[in-house]
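Undergrad: mind folding the following:
(4 chains)
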Number of protein chains: 4
Amino acid sequence: MASTFRDRRRIEFYETDMAGIVHFSNYFRFMEASEHAFFRSLGFTLHREEEGKMSGWARVRAQCENRLPLRYMDEVEVELLVRARKKSSLAYDFVFRRVADRNGPTPHDEVALGHLEVVHVEREPGGRLRATPMPAEIARAIDVAGES
Amino acid sequence: MASTFRDRRRIEFYETDMAGIVHFSNYFRFMEASEHAFFRSLGFTLHREEEGKMSGWARVRAQCENRLPLRYMDEVEVELLVRARKKSSLAYDFVFRRVADRNGPTPHDEVALGHLEVVHVEREPGGRLRATPMPAEIARAIDVAGES
Amino acid sequence: MASTFRDRRRIEFYETDMAGIVHFSNYFRFMEASEHAFFRSLGFTLHREEEGKMSGWARVRAQCENRLPLRYMDEVEVELLVRARKKSSLAYDFVFRRVADRNGPTPHDEVALGHLEVVHVEREPGGRLRATPMPAEIARAIDVAGES
Amino acid sequence: MASTFRDRRRIEFYETDMAGIVHFSNYFRFMEASEHAFFRSLGFTLHREEEGKMSGWARVRAQCENRLPLRYMDEVEVELLVRARKKSSLAYDFVFRRVADRNGPTPHDEVALGHLEVVHVEREPGGRLRATPMPAEIARAIDVAGES
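TA: Reported below is the predicted structural model:
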């Protein structure tokens, strides 16, 4: 069973703002990209559309604490840790560490800490999203970090 | 019949990049927002989902020429002009004029010129987008600028 | 002294994702846009560059609880409330209320609750951001909601 | 001398819109990311700040022709080709090919064609951007495709 996942990304120019650093809204995109890569590593997809029926994971809570700025060309490691798993929901923590800047490798400073809570939902015919238990194969494959 | 539309927007901080100016990808968002507002002004919507059937306007060509940068807090007028209307497609030009900066009104310099070509599409059951004639009420309401 | 601020925005097509709703990263942009409008309403600007010296407000904590999705063409009211003011920091709560959808006015449901903590910073010659007391005129103009 | 560059990226969920496809503004970000990777492969950086002096490459023209939509989890190859090199400017073509979708490898269909023209600029003390000749080492390292 999987409870953690790591990947890396390089900061793109278009992710910066006029303060010369990564705009804080992007950390939430980075978290989500990491969550998608985690699912992909397990053979799942976060978003499914089959025969007109759509299911996915609604974000119900998101937070981020920013300690140090990230800059253009920085390389950052994003570590995902599953913190809770209920019948229809998951909670994750994320640790962002800068591992390189434009001049090369850096100490692995924790630059940000994130948290995300998501609920498995299905889209009803009228378009409303309704919470439903997560698929059994996902419940079997994902575990809470430190408890496996 | 309508062939032109104008609206204004103020540059947001999150639309800038580390060069201190609006990131060029945003001009395409501004054009599209203007296109949506144009449709809204006529009582239409660019994107429709009815009984599971989705129709909209696929972007097939987009271009922008940037003459002067836009900056945080600049106010910009976007003028849309309909340049072509065929059975299932429309083409627009856009003129971006800065009308104010953070210190107040400015000369109405043309800061950018845009162009967009869109095709009316329906989503087929399998998910593919297929070009179809635009709804008759839209064809009746929209005209080519300078020809009405 | 000001401690609250309200403004409205309409959801743009480019703010949606393939689930058919506003992508959650955008709520953080909406909060920030509201914060900028609040400062503007008081005659201030969040970001300043004078004689090569840059000062601004670093985001150190951001969170959002999403209760109901927002969709294309929804109109949303964002209410900002100042929750804390220290020597060099401010904390805000944000209440997002949907006030209209594409069919017209709706009940003012609270669709999301946000929170933002920011620290006044100056950019040092080497590029590092250093926390500094906020300008006196800002401290004089902004108050904690419910305490004025 | 280098005149072409290829890299690949996977489409992220946050790059889609409610039509279920990649929002067209993102193709311009993909082009730019490719341009940055091209420069990086040559040991250069597109944006430089040294002793308070900033130089970079202003986008003066950008266009994209979209033939087929890209979707969540598609993998796309972006090929960059240098089309013109003058004293202070470069022009690029980009070919986007989908090489995989969520089910695995696909025929390498050309899904989009892009074009970008950029001018080397320096930021003057007052903040204005002024065109200047590109650094000699860049002129020496970059060539027009098909002419080397």
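Undergrad: going by C-alpha atoms from here, please, whenever you check contacts or count neighbours.
TA: Noted.
Undergrad: phi, psi of A:Phe24?
TA: phi -60, psi -20 (degrees, to the nearest 10).
Undergrad: for it, what are its contacts?
TA: C:Phe28, C:Arg59 (C-alpha atoms under 8 Å, 6 or more residues apart in numbering or on different chains).
Undergrad: give me the mean pLDDT for the longest strand along chain A.
TA: Ranked by residue count, the top strand of chain A under DSSP state E comes out as strand A:104-123. When pLDDT is averaged over strand A:104-123, the result is 97.
Undergrad: what helices or strands is the helix or strand of chain A with the lowest mean pLDDT leaning on?
TA: Least confident helix or strand of chain A, by mean pLDDT, DSSP states H and E, is strand A:48-50 with a mean of 84. On a contact count with 3 or more C-alpha pairs under 8 Å, 6 or more residues apart in numbering or on different chains; DSSP states H and E, strand A:48-50 meets strand A:53-66.
Undergrad: now do the strand it packs on against strand C:53-66, angle only.
TA: Inter-element angle recorded for strand A:53-66 and strand C:53-66: 140 degrees (by axes from the mean of the first three to the mean of the last three C-alpha atoms, to 10 degrees).
Undergrad: is chain D within reach of the helix or strand hosting A:Arg83?
TA: For A:Arg83, the host element (DSSP states H and E) is strand A:75-85. No: Strand A:75-85 does not reach chain D (C-alpha under 8 Å from any C-alpha of the partner chain); its nearest approach is 13.3 Å.
Undergrad: so what touches that strand?
TA: A:3-11, A:30-31, A:34-35, A:90-101, A:139, A:142-145.
Undergrad: try it again with 6 Å
TA: A:3-10, A:90-100, A:144-145 (C-alpha atoms under 6 Å, 6 or more residues apart in numbering or on different chains).
Undergrad: and the residue of chain A found nearest chain B, how many neighbours?
TA: Among the residues of chain A, A:Asp17 lies closest to chain B, at 3.8 Å counting by C-alpha to the nearest C-alpha. A:Asp17: 24 surrounding residues under other C-alpha atoms under 10 Å in any protein chain shown.
Undergrad: A helix includes A:Ser34, no?
TA: Yes: according to DSSP: H, G, I helix; E, B strand; the rest coil, A:Ser34 belongs to a helix.
Undergrad: what is the neighbour count of it?
TA: Applying other C-alpha under 10 Å, we find 22 residues neighbouring A:Ser34.
Undergrad: on that earlier part again, so which of the contacts of strand A:75-85 sit within strands?
TA: Reading strands off the contacts of strand A:75-85 with DSSP E, I get A:4-10, A:90-100.
Undergrad: among these, name the buried ones.
TA: Using 16 or more other C-alpha atoms under 10 Å in any protein chain shown as the burial test, the ones in strands among the contacts of strand A:75-85 include A:4-6, A:8-10, A:90-100 as buried.
Undergrad: got the contact list for stretch A:120-139?
TA: A:Met54, A:Ser55, A:Gly56, A:Trp57, A:Lys87, A:Ser88, A:Ser89.
Undergrad: again, 10 Å this time
TA: A:1, A:39, A:42-49, A:52-59, A:85-90, A:119, B:49-52, C:19-20, C:68-69 (C-alpha atoms under 10 Å, 6 or more residues apart in numbering or on different chains).
Undergrad: for chain A, what lies in contact range of chain B?
TA: The interface of chain A toward chain B, taken as C-alpha under 10 Å from any C-alpha of the partner chain, is made up of A:13-25, A:49-52, A:71-72, A:125-127.
Undergrad: just the buried residues of the residues you listed.
TA: Neighbour-count burial (16+ other C-alpha under 10 Å) applied to the residues of chain A next to chain B gives A:13-25, A:71-72.
Undergrad: and which of those is nearest B:His108?
TA: For those, the closest approach to B:His108 (C-alpha to C-alpha) belongs to A:Met18, at 23.8 Å.
Undergrad: can you give me the first-to-last residue distance of stretch A:69-87?
TA: 36 Å (C-alpha to C-alpha, to the nearest Å).
Undergrad: how far is it from where the chain is centred?
TA: For stretch A:69-87, the gap between its own C-alpha mean and the chain's C-alpha mean amounts to 6 Å (C-alpha atoms, centre = their mean, to the nearest Å).
Undergrad: buried stuff in that stretch?
TA: Under the neighbour-count criterion of 16+ other C-alpha under 10 Å, stretch A:69-87 has A:69-85 buried.
Undergrad: so after the strand or helix carrying A:Arg130, what's the next helix or strand?
TA: According to DSSP H and E, A:Arg130 maps onto strand A:129-131. Remark: after strand A:129-131, the chain's next helix or strand is helix A:136-141, criterion DSSP H and E.
Undergrad: chain center to that following helix: distance?
TA: 18 Å.
Undergrad: what residues sit buried inside that helix?
TA: A:Ala139.
Undergrad: what mean pLDDT does that helix have?
TA: 96.
Undergrad: ok, the nearest residue to A:His115 once chain neighbours are set aside - contacts?
TA: Taking C-alpha to C-alpha, 6 or more residues apart in numbering or on different chains, and ignoring the residues beside it in sequence, A:His115 has A:Asp93 as its nearest neighbour in space, at 4.5 Å. Contacts for A:Asp93 (C-alpha under 10 Å, 6+ apart) come out as A:4, A:31, A:62-64, A:79-84, A:113-117, A:145.
Undergrad: redo that, cut-off 8 Å
TA: A:Asp93 makes contacts with A:Leu80, A:Leu81, A:Val82, A:Arg83, A:Leu113, A:Gly114, A:His115, A:Leu116, as judged by C-alpha under 8 Å, 6+ apart.
Undergrad: now do A:Thr16
TA: With C-alpha under 8 Å, 6+ apart, A:Thr16 has these contacts: A:Val22, A:His23, A:Arg71, A:Tyr72, B:Thr16, B:Asp17, B:Met18.
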